[in-house]
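K.L.:
just coords:
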């Protein structure tokens, strides 16, 4: 699959997580950063898209800390991302 098709598929998945909160976080993050991601970063982003929403949102709001082995550069960027800037 070429990068452009992959980016479109990832963007769709980011905006269709299931809950509005996760859609806003992942969709806006994808809109902001997906175009400049390397294939390796897209791999990391797709891995985050597979995470359970309750875990991801708990990490994002600071109710829980993600496991160290899951803290990729992309996940760190997502956790630092401000939805409304």
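P.N.:
Structure received. Computed from a predicted structure; not experimentally measured.

K.L.:
what does the helix or strand where residue 42 lies rub up against?
P.N.:
Residue 42 is part of helix 39-49 when elements are defined by DSSP states H and E. By C-beta atoms under 8 Å, 6 or more residues apart in numbering, the surrounding residues in contact with helix 39-49 are 3, 6-7, 10, 13-14, 17, 26, 30, 34, 37, 56, 72-75, 78. In this view, the C-beta of every residue, glycine as well, is placed from N, C-alpha and C.

K.L.:
let's see it at 10 Å
P.N.:
By C-beta atoms under 10 Å, 6 or more residues apart in numbering, the surrounding residues in contact with helix 39-49 are 3, 6-7, 9-10, 13-14, 16-17, 22, 26, 29-30, 33-34, 37-38, 56, 66, 70, 72-79.

K.L.:
ok, stretch 17-33 next?
P.N.:
7, 10-16, 34, 37, 41-42, 45, 48-49, 51-54, 56-57, 60-61, 74, 77-79, 81-85.

K.L.:
mind checking which of these are buried?
P.N.:
Buried members of the contacts of stretch 17-33, counted by 16 or more other C-beta atoms under 10 Å: 7, 10-11, 13-14, 34, 37, 41-42, 45, 48-49, 51, 56-57, 60, 74, 77-79.
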